[in-house]
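In: let me see the structure of the following:
(one chain, ligands or ions: 1)
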Amino acid sequence: MEISTKTEKTPIVVAYGDGIGPEIMSATLDILHAAGANIEPLEIKIGEKVYMEGFTSGIKPNDWDLLRKTGVMLKAPITTPQGGGYKSLNVSIRKMLGLYANVRPCNSYSPFVRTHHPMMDVVIIRENEEDLYAGIEHQQTDEVIQCLKLVSKPGTEKIIRYAFEYARAYGRKKVTCFSKDNIMKMTDGLFHRLFNEIGEEYPDIEKEHMIIDIGAAKLADSPEKFDVIVTGNLYGDIISDIAAQITGSVGIAGSANIGETFAMFEAIHGSAPDIAGKGVANPSGLLLGAVQMLVHIGDLQAAEKIHNAWLKTIEDGIHTADIYTQKHSLQKVNTREFTDAVIARLGQRPEKLKPITYSADSKKGIRIKVTPTVRAKKDLVGVDVFLQWNGNNAQSLGNQLIQITNAGLKLTMITNRGVKVYPDGYPETFCTDHWRCRYKQSDSNTLTYDKVLGLLEKIHSAGFEIIKTENLYNFNGEAGFSAGQGQ
Ligand code: NAD
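Out: The predicted structure is shown next:
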């Protein structure tokens, strides 16, 4: 076995965060220092206090420069203030620094940690930059608020390729894709389609796809049947908490956020305000995140020493309250005592759990190349005009709008929350004040945006309140928009 003997200290940005953050970060750094990790922590302040000082992103502008210069961060969880005005710092860091892949290994440690799933060894690879986490939300009418789900081809290609490359690099056998493309045929459809297409380049790896709802149910029921899972941002967030929790506690899983030039390591759990300040939190999630960080910076000796000491501590039954049970544990300890127990075992290896070996081969630099975009022939073929209209009779709205035409653009359909209500709607369909009115061109002349503007002007002049529009395009002759439900 070849172990790195790297001696120079690697600067890493460290943030203590909120809630249990400072407790678990102190514990983690104590263990890292005791193991002789070659790191130089540079502390920045993030989270609640910074938000309250008026920085709505939760981080001071100068600290971005340090982050970008350093390229590595170890971050404790933070509390995102609820409600308007504040942006999630976690999401901002991931997106602004291009951390497109969130890697969340979830392992069970049976029989030492109570779990119904003793054979679990799943890695969840979550897309980290887009989807509903674009955070673009608008209230458009009194009754309706919108959140945009953005899914890009390059973003999807990056995460799918990363999942397959990860599987190959770490000797994994299967990649399962979770999506909801039976409903979101275009956004999730793209995710599934690229999974199939890119998957063909990896004949050595087994592939399967599941709709997220049954996939999540199967993961909760028989996680040992999964190996690597690749999925979108929101689904990945939800299923990785479930996966971590069913290993025994959400407190024992670490997470790596990987980009081209920057990487951030953290626990998967949040700031646990319910136990903050009590000194009882489990530092294992952040510690295992830090182990991933040590592997990333090439300090394999410290990574191996810490990981094995941690496994030995778990195997010796020294457990924090979240995983303590009379049957499986010997001693219930607080954060400090757990930390000391890990430090006391540095240099030891587990005897019953499988020891970890990190070799030079463990630092896998996964580099992803994205296929350049081929521009399609893009033709404007219509427009969806969204109105706030406070009536409730779709037929009456349709009868008025059918009279308004411009340059061959004619009303073809009205939907309410996606369901067709005109023509031939059902009186049972519940309608809000938010109406999508689809105009399509009925003649063979080229449709220009000027003609759309002319139509909008007429609709506006007739007294209707336009709240937004979406152009309808064909790409290489294929409709780039979905049909209405019931159309
Ligand atoms: P949470 O993960 O903080 O807590 C969920 C439950 O798990 C709580 O009962 C908590 O006590 C327990 N728990 C979590 N970590 C533990 C640990 N290390 N040891 C023992 N028990 C632990 O989720 P939440 O309560 O929904 O969120 C609290 C706050 O954390 C929110 O403000 C949320 O926005 C934030 N959050 C931050 C991050 C992050 O910084 N990466 C991630 C998720 C949530």
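
In: what residues does the stretch 1-150 of the chain have near the ligand?
Out: Counting by Cβ under 6 Å from any ligand atom, the stretch 1-150 of the chain comes close to the ligand at Ile20, Ile24, Pro77, Ile78, Thr79, Thr80, Asn90. For every residue, glycine as well, the C-beta is placed using N, CA and C.

In: pull the number of nearby residues for Asp204.
Out: 8 (other Cβ atoms under 10 Å).

In: got it, and Glu208?
Out: Neighbour count for Glu208, taken as other Cβ under 10 Å: 16.

In: ok, it to Tyr422 distance?
Out: Distance of Glu208 to Tyr422, computed by Cβ to Cβ, to the nearest Å: 41 Å.

In: closest point of this protein to the ligand, which residue?
Out: Closest to the ligand within the chain is Gly270: 2.4 Å, counting by Cβ to the nearest ligand atom.

In: tell me the domain boundaries of this protein?
Out: Residue ranges for the domains of the chain, per automatic domain parsing: 10-362, 378-479.

In: export those domains to TSV and tack on mean pLDDT and distance to Ile368?
Out: Shown next, in TSV, are the domains of the chain (pLDDT from 0 to 100; distance: least, Cβ to Cβ, whole Å):
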stretch	mean pLDDT	distance to Ile368
domain 10-362	94	5
domain 378-479	96	25
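
In: packed most tightly, which of those would that be?
Out: Of all those, domain 10-362 has the most neighbours on average by mean count of other Cβ atoms under 10 Å, namely a mean of 19.

In: now find how far off-centre that domain is within its chain.
Out: The chain centroid and the centroid of domain 10-362 are separated by 10 Å under Cα atoms, centre = their mean, to the nearest Å.

In: can you tell me the element the residue sitting furthest away from the middle of the chain falls in?
Out: Here the chain reaches farthest from its C-alpha mean at Gln403, the gap being 45.9 Å by Cα atoms, centre = their mean. For Gln403, there is no enclosing helix or strand under DSSP states H and E.

In: with Pro355 instead?
Out: Remark: Pro355 resides in no helix or strand, with elements defined by DSSP H and E.

In: do Tyr202 as well
Out: Here Tyr202 is assigned to no helix or strand, by DSSP H and E.

In: name the nearest residue to it, sequence neighbours excluded.
Out: Using Cβ to Cβ, 6 or more residues apart in numbering and skipping the chain neighbours, the partner closest in space to Tyr202 is Phe164 (4.5 Å).

In: what helices or strands is the helix or strand harbouring that neighbour leaning on?
Out: In this assignment (DSSP H and E), Phe164 forms part of helix 153-169. On a contact count with 3 or more Cβ pairs under 8 Å, 6 or more residues apart in numbering; DSSP states H and E, helix 153-169 meets strand 101-107, strand 121-127, strand 174-179, helix 187-199, strand 228-231.

In: ok, the helix or strand hosting Thr313 near the ligand or not?
Out: Assigned by DSSP H and E, Thr313 belongs to helix 300-315. No. Helix 300-315 stays clear of the ligand (Cβ under 6 Å from any ligand atom), getting no nearer than 13.7 Å.
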